[in-house]
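Chemist: I would like the atomic coordinates for the input below:
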Amino acid sequence: TKDHRCTDADELDCKLFMDFDMAILATPPAEYAAYAANVRREYGHLSTAAWCYGRGAFLRSFAQSDAPIFATPAFRDAGEAA
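Modeler: Sure, this is the predicted structure:
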């Protein structure tokens with residue numbers, strides 16, 4: 001899940017796994033904030049600067065991409081509208 005992207009050739013299981021993993025991006029802000037705080041704790045060994053740089057780069061890669069965030073039509077319809 002390094003780059004969190006699937007190709008059209010990937011199996012449905014892979015696409016669903018990735019969509020479930022990325023679904024947090026379509027949650028209300030408070031829910032995402034709690035999730036992000038937990039992920040930050042998971043990466044507590046990183047400095048704040050390194051964490052912010054890496055997390056920002058990850059999020060920007062999706063915001064700046066023309067590719068859909070979600071790999072399946074069901075998740076695209078439900079999540080990308082959020």
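
Chemist: from here on, just use CA atoms for contacts and neighbour counts.
Modeler: OK.

Chemist: got a list of what the spatially most central residue of the chain touches?
Modeler: Geometric centre of the chain, nearest residue: Met22, 3.8 Å, by C-alpha atoms, centre = their mean. By C-alpha atoms under 8 Å, 6 or more residues apart in numbering, the residues touching Met22 are 4, 69-70.

Chemist: mind giving me a markdown table with those and columns for distance to Phe58 and pLDDT?
Modeler: Converted to a markdown table, the contacts of Met22 look like this (distance: C-alpha to C-alpha, whole Å; pLDDT from 0 to 100):
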| residue | distance to Phe58 | pLDDT |
| --- | --- | --- |
| His4 | 9 | 72 |
| Ile69 | 12 | 87 |
| Phe70 | 15 | 90 |
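
Chemist: closest to Arg55 out of those residues?
Modeler: Closest approach to Arg55 among those (C-alpha to C-alpha): His4, at 13.1 Å.

Chemist: hmm, Ala67 and Arg76 touching each other?
Modeler: No: taking C-alpha atoms under 8 Å as the definition, Arg76 is not a contact partner of Ala67, at 11.1 Å.
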